[in-house]
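S.K.: Here's my sequence, what's the structure:
(one chain, ligands or ions: 2)
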Amino acid sequence: MDLAPLSPFRQDAALTVLGLESSCDETAAAVLRRSATGEITILSDLILGQTAAHAPYGGVVPEIAARAHAEAMSGLVEQALAEAGLGLAEIDGIAATAGPGLIGGVMAALMTAKGLALGSGKPLIAVNHLEGHALSPRLSEQLDFPYLLLLVSGGHTQLISVEGFGDYRRLGSTLDDAAGEAFDKTAKVMGLGFPGGPALERCAASGNAKRFDLPMPLKGRPGCDFSFAGLKTAARQIWDALPAPGEQDRADLSASVQRAIARALASRSKRAMQDFSARHDGLTRPLPFVVAGGVAANQEVRSALSKTASEEGFRLIAPPMRWCTDNAAMIALAGLEHLIRGEVDGLDAKARARWPLDATSAKLDPAIGSGRKGPKA
Ligand code: KG4
Ligand code: ZN
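M.R.: Ligands and ions are numbered 1, 2, ... in the order given. Alright, predicted model coming up:
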């Protein structure tokens with residue numbers, strides 16, 4: 001059954017949206033209100049992590065994640081509505097991540113949203129998780145379009161030029177692993193525990209980053225794409241070749257890997273900044289460069305990006321971690337923007353493991369959908 005088509009809401013009407021997220025290992029529900037004058041208020045914003053459930057396996061196990069999302073989602077929705085002091089009748093639309101992500105997980109949010117939409121007669125909005133990330137800096141500050149965004153997490157590594165709502169240009173993305181994966185997998189090899197990124201950063205603090213020489217990914221290759229698989233393999237080979245690796249070896253390799261990842265992120269971001277800068281030469285400097293995703297918590301990554309930004313006439317904007325890692329407020333925000341424009345979905349909306357944000361790049365790039373760039377795009 002399809003929901004009735006919706007005519008666009010008036011731009012000056014107040015709107016309240018419930019957002020749901022479950023595409024990786026965070027179950028989240030949030031209620032967002034946009035006032036008649038366009039001000040955004042977060043009425044509730046709940047996130048339930050699953051770190052303990054995945055820790056014994058050293059990484060996110062899709063089946064465990066899917067089950068945990070399914071178990072937690074409806075309770076979390078109830079709690080989000082209760083905290084907002086609202087019933088479903090007072091919600092104008094129900095937004096859920098419909099991809100990209102771990103398909104079993106994505107289905108938890110999308111199916112719950114469909115059920116709620118069907119039961120309440122409210123419109124459903126199937127949101128692209130990457131669009132949520134792209135808009136997320138606007139949850140915490142008054143940020144005008146356009147801006148350049150580096151999304152760097154356990155699932156994604158992408159440079160996106162956010163030109164306006166619905167107008168996203170992907171300048172580069174990873175050809176293999178995401179940067180967070182490279183942190184996590186290297187940490188796992190060295191027995192640092194899960195999640196590996198923060199553990200590796202702590203360990204790197206007492207290490208010598210110059211001790212091990214790691215390859216610069218895609219050295220000499222033009223463009224803004226990333227690759228971290230070679231780096232990860234090189235780190236593992238170094239570790240395996242150490243006769244009796246101890247604490248100092250662990251610290252030195254952590255520091256070397258961290259520096260290599262930070263440098264790779266900064267060098268590709270530099271090119272993206274030059275591209276963005278050339279296309280927007282009329283804009284006031286410094287230009288906005290937003291970094292989002294869990295890896296943005298890493299201080300060495302931040303300082304490398306901040307240095308590059310100032311060299312290129314940009315200012316680094318790092319939103320609070322709560323909104324730059326996976327959350328439902330950003331999904332509600334993207335949903336709200338679609339709802340204003342009357343862009344709603346039928347109950348046949350599909351959960352998608354892959355869903356590139358930038359349809360043009362996806363069409364031009366034959367790799368999308370059939371392999372290399374697919375899973376991370
Ligand atoms: O955005 P996020 O919370 O979830 C998704 O992947 O969607 O990002 C998690 C990733 C993990 O790979 C984690 O190891 C990494 O971000 N991370 C870090 C740090 N904190 C989190 N990587 C390096 N240094 C950190 N301090
Ligand atoms: Zn994410």
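S.K.: Low-confidence bits of this protein, can you list those?
M.R.: Scanning the chain with the threshold set as pLDDT under 70 gives 1-11, 359-377.
S.K.: show me where it has strands.
M.R.: With DSSP state E as the criterion, the chain has strands at 15-21, 26-34, 40-49, 93-99, 124-128, 147-152, 157-164, 167-173, 287-292, 314-317.
S.K.: What is the shortest one packed up against?
M.R.: I take that to be strand 314-317. Packing contacts for strand 314-317, counted by 3 or more CB pairs under 8 Å, 6 or more residues apart in numbering; DSSP states H and E, involve strand 287-292, helix 299-311. Backbone N, C-alpha and C define where each C-beta goes, glycine included.
S.K.: contact partners of that strand?
M.R.: 137, 141, 143, 147-148, 273, 277, 286-291, 302, 305-306, 308-309 (CB atoms under 8 Å, 6 or more residues apart in numbering).
S.K.: Are any of those buried, and if so which?
M.R.: 137, 147-148, 273, 277, 287-291, 302, 305-306, 308-309 (16 or more other CB atoms under 10 Å).
S.K.: Pick out whichever of the residues you listed sits closest to S74.
M.R.: P137 (29.9 Å; CB to CB).
S.K.: any idea how far the closest one is from A292?
M.R.: From P137 across to A292, the span is 7 Å (CB to CB, to the nearest Å).
S.K.: Overlap of the contact sets of the two?
M.R.: In contact with both P137 and A292: 149, 319, 324, using CB under 8 Å, 6+ apart.
S.K.: OK, contacts around L76?
M.R.: Neighbours of L76 in contact, by CB under 8 Å, 6+ apart: 27-29, 46, 48.
S.K.: ok, now with 7 Å
M.R.: By CB atoms under 7 Å, 6 or more residues apart in numbering, the contact list for L76 reads 27, 29, 46, 48.
S.K.: now the helices and strands packed on strand 314-317 in CSV, with distance to I64?
M.R.: CSV is the format used below for those (distance: least, CB to CB, whole Å):
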stretch, distance to I64
strand 287-292, 26
helix 299-311, 28
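S.K.: So which of those is nearest ligand 1?
M.R.: helix 299-311 (6.8 Å; CB to the nearest ligand atom).
S.K.: relative orientation of the closest one and strand 287-292 in degrees?
M.R.: Counting by axes from the mean of the first three to the mean of the last three CA atoms, to 10 degrees, helix 299-311 lies at 170 degrees to strand 287-292.
S.K.: now what about helix 299-311, what contacts it?
M.R.: 258-259, 261-263, 265-266, 269-270, 289, 291, 295-296, 315-316, 318.
S.K.: Please check these and keep the buried ones.
M.R.: Buried among those by 16+ other CB under 10 Å: 258-259, 261-263, 265-266, 269-270, 289, 291, 295-296, 316, 318.
S.K.: what subset of those residues is also close to ligand 1?
M.R.: The residues of the buried ones among the contacts of helix 299-311 that also fall near ligand 1, by CB under 6 Å from any ligand atom, are V295.
S.K.: wouldn't V61 be in contact with H54 here?
M.R.: Yes - in this structure, V61 is within contact of H54 by CB atoms under 7 Å, at 5.8 Å.
S.K.: and the stretch 201-350 of the chain, which of its residues are near ligand 1?
M.R.: Residues of the stretch 201-350 of the chain lying near ligand 1 (CB under 6 Å from any ligand atom): 201, 293-295, 297-298, 325-326.
S.K.: Let's have those in TSV, adding distance to F194.
M.R.: Listed next are those as TSV, based on distance: CB to CB, whole Å:
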residue	distance to F194
E201	14
G293	17
G294	13
V295	15
A297	15
N298	16
T325	15
D326	16
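S.K.: Many thanks, have a good one.
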